[in-house]
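Peer 1: I'll drop the sequence and a predicted model, then ask my questions.
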Protein chains: 4
Amino acid sequence: MDGMTTASAAGFEVSGAGLERKAPGRPRSAKADEAIIAAVIALLKEGVSVGNLSMEAVAARAGVGKATIYRRWPNKDALLIDTVRTMKGPPPEPRGESVRDDLVMLVTAARTKRMEDFGRVAACMLPEFFREDELRKAFQMVSEPRRDVMRGVLRRGVENGELREDLDIELTVLMLTAPGLAQNILNLVPNAPRENFAELLVDAVLRGARP
Amino acid sequence: MDGMTTASAAGFEVSGAGLERKAPGRPRSAKADEAIIAAVIALLKEGVSVGNLSMEAVAARAGVGKATIYRRWPNKDALLIDTVRTMKGPPPEPRGESVRDDLVMLVTAARTKRMEDFGRVAACMLPEFFREDELRKAFQMVSEPRRDVMRGVLRRGVENGELREDLDIELTVLMLTAPGLAQNILNLVPNAPRENFAELLVDAVLRGARP
Amino acid sequence: MDGMTTASAAGFEVSGAGLERKAPGRPRSAKADEAIIAAVIALLKEGVSVGNLSMEAVAARAGVGKATIYRRWPNKDALLIDTVRTMKGPPPEPRGESVRDDLVMLVTAARTKRMEDFGRVAACMLPEFFREDELRKAFQMVSEPRRDVMRGVLRRGVENGELREDLDIELTVLMLTAPGLAQNILNLVPNAPRENFAELLVDAVLRGARP
Amino acid sequence: MDGMTTASAAGFEVSGAGLERKAPGRPRSAKADEAIIAAVIALLKEGVSVGNLSMEAVAARAGVGKATIYRRWPNKDALLIDTVRTMKGPPPEPRGESVRDDLVMLVTAARTKRMEDFGRVAACMLPEFFREDELRKAFQMVSEPRRDVMRGVLRRGVENGELREDLDIELTVLMLTAPGLAQNILNLVPNAPRENFAELLVDAVLRGARP
DNA sequence: TACTAAGCGAGACGGTACGTCGCGTCTTCTT
DNA sequence: AAGAAGACGCGACGTACCGTCTCGCTTAGTA
């Protein structure tokens, strides 16, 4: 699902099918796919809030007809989900030496410029989550691979004795992830530490997670 | 809140003046203020997402003309800010016995039904924060008093030796607050602990915060 | 009805009562009456069409509260009727020498600058006539005295042999009045004569009205 | 009218171009054009005054979105102009036998039920003429063809000796047209003749127009 | 002199309509 | 069949006035 280039699997659906017959008629233009996603990202970077991001503007910016967008995504939400997916890219791979270094790397990776842009878009979709639970799930799936990597690191730490045996993995994931979210996506807590944030956070968590 | 009864101080303004002459003309109806806020809350509770929450519907529900809303708030955002302020109510007061108990109480208080409703609305405003920084600040001000209470508890713990002398207070506040946000407002992390969440979180944090 | 100065008889009513007891309380300000009518006229002269003439603007221009207007006139129509009445003033008096000269004078008097302003306002009320027949009647009453003068001149002409014995007086009044209306009020016929209009019209009509 | 089928040439513009390339995109629906005009006429016939004629009501009655109206006409005036044009239809053709009969026919034709409806609408637009001179001209153009027919008849009468050689054609047109206007559009003169109005008027005018 | 009742400027009130914008769909011609 | 273009029905936006209703303050005549 991560490696696909066309948007056809979006809209909350999983492509499912194995070998489909080649469809008749003119094939969809891959160029259009990219132009559309790029247009969304460009507009968002220019400061257009998602509420103000109109499909009309996206189409115009991408040099594409509105129908071409709706042929690929059933609505604005689905388009945004795929945009988010594209922005995130593949999860980082831990080096595997010390648990602390890996966690610092993972927490840091969640706070790059790229992820800030991602957060910007993500935040814009939150309101819709209350309306459309499918959308929320689709969004969670975008981040799940990264959390899985972190779970792996923590499990490794428990196994090799670096971390307490009875460590609550899910809670620890949340403790390591949520502060970054609150900063990136919400930017809600005004005067939280910004320098060495990852180290500070990981150390604070590990202090209570060691045996 | 803060003692002000009319909504006129909302919309990002501070009333400022001390004893102003009574404004001429018919005064604004306090009944309308309340009816409008109540209508917003009612509609949100009925499952209307903020994106779908129309000023027209609010006016109709409140039995009020649209102009009466716009006379008080310049736009939907400002109205929602005030709604949020109203929904939150005053911050809880810690008992002052053990730091752990106070923190558990504070974290729990952030996860009541009332706060969930609050989160629902808050989430809907996030997108606008990127457009309008004033709005973000206004929103942060709504939550700041609660965070101040938590800071007080932590400082007390540092002073009486219950907590490490070099504890990073802001980081700890973030660690105690963010996971709840991520659950309440974002509900983004699917399988995080839900039972005894407050105890589990506080204990995990304290384990690394004790001397 | 023509000589009254206050607007109290407007709104399609006739004052009726003879000697009323002086009402208690503060009496209505004659200054306000005048200021309101003057404001309407001023605004209309500035090119505000009646459709765009808002009671709010009238009140502001007159330095008067809206209620002060509505205390005197039940609605915009009634106010306009009275404005029209004021603009017209009393009908002219014929000299009584030759029928032709009197008619020329009367036709001319209907085309002064003052009457053009009147026409401007009058035109603006026409649409309402289809809605409110009372309004039409009230308006007709404003012009009736002038037409009565013309009827008198024509009847005198018939009696003293200047005009045909079987002259249709009403039709002749219409023939002498309507062209001026069509020019003044409607300005609908683009290239009709404008110089010596009154003489030309009266002579053309009389040519067929002499014995 | 004038052969144009879509409303696109209305709104005070002249289509101008000769053979334009077909515009891209979905063409405007001719059905909508008709439905909108029909809705206006229907509403007016039901007694809705033009002041009370809301675009919203027109859209609803025509089963059309408001934007569809505004895509064709810039405002209510332009829509009414086109409605008026539609209501009027082509000018009547004189038989060409006697001048008197032709004039009676023309004056009569200006007083049919259809023309009364027309007058009803026309009256409603008068107020706007003072604001928007373009509108007045557009309106005059609607009636001009009919006046041209009448000018033709009068000129023929002058040429064949039925009418005075020095007859003022424009003035005579006005004398024959204005009384009907004053009755139809204004209904301002209360007790003017209504039976045989056309014959009476034409005879009165001709009495002074014969050699 | 104080009381009472209405008028007054100001402006908020519940409404209705405005003209605009964006949604997601449709209909045209072109590639 | 997909594409660009753009019209379609719908519904919300924020504004402007309507005619009504409070406000606190004159401004008279009556007590």
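Peer 2: Great, that's in hand. Residues are numbered from 1 along each chain as shown, chains lettered A, B, ... in the order given.
Peer 1: tell me the phi and psi of the residue in chain A that chain D sits nearest to?
Peer 2: Residue of chain A nearest chain D, by Cβ to the nearest Cβ: residue A:65 (9.3 Å). C-beta: built from backbone N, CA, C; applies to glycine. For residue A:65, the backbone dihedrals (degrees, to the nearest 10) come out as phi -80, psi 150.
Peer 1: contacts only, for it.
Peer 2: residue A:59 (Cβ atoms under 8 Å, 6 or more residues apart in numbering or on different chains).
Peer 1: pLDDT at it, what is it?
Peer 2: Per-residue confidence (pLDDT) for residue A:65: 93.
Peer 1: chain center to the helix or strand bottoming out on mean pLDDT in chain A: distance?
Peer 2: Lowest by mean pLDDT, DSSP states H and E among the helices and strands of chain A is helix A:113-131, with a mean of 73. With Cα atoms, centre = their mean, to the nearest Å as the basis, helix A:113-131 stands 9 Å off its chain's centre.
Peer 1: would you mind getting the angle between that helix and helix B:113-131?
Peer 2: 130 degrees (axes from the mean of the first three to the mean of the last three Cα atoms, to 10 degrees).
Peer 1: helices or strands next to helix A:113-131 in the packing?
Peer 2: Applying 3 or more Cβ pairs under 8 Å, 6 or more residues apart in numbering or on different chains; DSSP states H and E, we find helix A:113-131 packed against helix A:30-45, helix A:76-88, helix A:133-159, helix B:113-131.
Peer 1: 10 Å instead, please
Peer 2: On a contact count with 3 or more Cβ pairs under 10 Å, 6 or more residues apart in numbering or on different chains; DSSP states H and E, helix A:113-131 meets helix A:30-45, helix A:76-88, helix A:133-159, helix A:169-181, helix B:113-131.
Peer 1: mind putting these in JSON lines, mean neighbour count included?
Peer 2: As requested, the helices and strands packed on helix A:113-131 are exported to JSON lines (neighbours: other Cβ atoms under 10 Å in any protein chain shown):
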{"stretch": "helix A:30-45", "mean neighbour count": "18"}
{"stretch": "helix A:76-88", "mean neighbour count": "22"}
{"stretch": "helix A:133-159", "mean neighbour count": "17"}
{"stretch": "helix A:169-181", "mean neighbour count": "23"}
{"stretch": "helix B:113-131", "mean neighbour count": "21"}
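Peer 1: if we can go back for a sec, the least confident helix or strand of chain A and DNA strand F in contact?
Peer 2: No. Against DNA strand F, helix A:113-131 shows no contacts by Cβ under 7 Å from any atom of the strand, the least distance being 13.5 Å.
Peer 1: then stretch A:36-56?
Peer 2: No. Residues of stretch A:36-56 contacting DNA strand F under Cβ under 7 Å from any atom of the strand: none, with a closest distance of 8.5 Å.
Peer 1: are that stretch and chain D in contact anywhere?
Peer 2: No. Against chain D, stretch A:36-56 shows no contacts by Cβ under 10 Å from any Cβ of the partner chain, the least distance being 13.1 Å.
Peer 1: next, count neighbours for the residue of chain A found nearest DNA strand F.
Peer 2: Using Cβ to the nearest atom of the strand, the single residue of chain A nearest to DNA strand F is residue A:25, 2.1 Å away. Look at residue A:25: counted by other Cβ atoms under 10 Å in any protein chain shown, it has 5 neighbours.
Peer 1: tell me if I'm right that residue A:34 and residue A:72 touch.
Peer 2: No. If you go by Cβ atoms under 10 Å, residue A:34 and residue A:72 don't touch, sitting 11.3 Å apart.
Peer 1: fine, thanks again, bye for now.
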